[in-house]
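> Below is the sequence, then the predicted model.
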Amino acid sequence: MLKTIYLILCILGTVLPYSQFVPFLLEHGLDVNLFLEQLFTNRISAFFGMDVFVSALILFVFIFGEGSRLKMKKLWVYVASTLLVGVSLGLPLFLLMRQHKLEETTLALIS
């Protein structure tokens, strides 16, 4: 059940942010300067932008710490998903695969 929830969150975490980003790309292309200008256009949007940056940094620490502890492979995939979509994909994707690894480890211990 938990893995299903994480999978649904991965889908939502990709679709919802991209529903806002794709129209921007279609209208302006990959204009990084305009993107950053609009992201930091006022204190409230800057608040959310900085919150996401810090959350992503914390997520990277968690990915490498917990992923190494559990001997998970290809940790770069979760970093890449965070950089390409956002924390909204990187976190649930990592938690999904972490849960899979935990269940796999539990089954190996039982057998």
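The structure has been received and is ready for your questions.

> Which positions in stretch 45-60 come out as buried?
52, 55-56, 59-60 (16 or more other CB atoms under 10 Å). For glycine as for every other residue, the C-beta is placed from the backbone atoms N, C-alpha and C.

> ok, these vs residue 1, which is closest?
residue 59 (23.3 Å; CB to CB).

> How much space separates the closest one from residue 48?
Distance of residue 59 to residue 48, computed by CB to CB, to the nearest Å: 16 Å.

> still on that earlier bit, quick one: the buried residues of stretch 45-60 as TSV, columns for pLDDT, secondary structure and distance to residue 86 too.
Converted to TSV, the buried residues of stretch 45-60 look like this (pLDDT from 0 to 100; DSSP: H, G, I helix; E, B strand; the rest coil; distance: CB to CB, whole Å):
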residue	pLDDT	secondary structure	distance to residue 86
52	97	helix	7
55	98	helix	9
56	98	helix	8
59	98	helix	10
60	98	helix	13
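
> List just the nearest of these to residue 21.
Nearest to residue 21 among the buried residues of stretch 45-60, counting by CB to CB, is residue 52 at 12.8 Å.

> Would you mind measuring from the closest residue in space to that closest one that isn't next to it in sequence to residue 58?
Leaving aside its chain neighbours, residue 52 sits nearest to residue 87 (6.1 Å; criterion: CB to CB, 6 or more residues apart in numbering). Noted for residue 87: a distance of 9 Å to residue 58, by CB to CB.

> what ranges do the helices span in this protein?
2-28, 32-39, 43-69, 76-84, 87-110 (DSSP state H).

> Residue 82 is in contact with residue 17, correct?
No - using CB atoms under 8 Å, residue 17 makes no contact with residue 82, being 11.4 Å away.

> Mutual contacts of the two, please.
residue 89 (CB atoms under 8 Å, 6 or more residues apart in numbering).

> which of the two has more neighbours?
residue 82 (23 against 16; other CB atoms under 10 Å).

> I'd like to know the predicted local confidence at the more buried one, please.
pLDDT, residue 82: 98.
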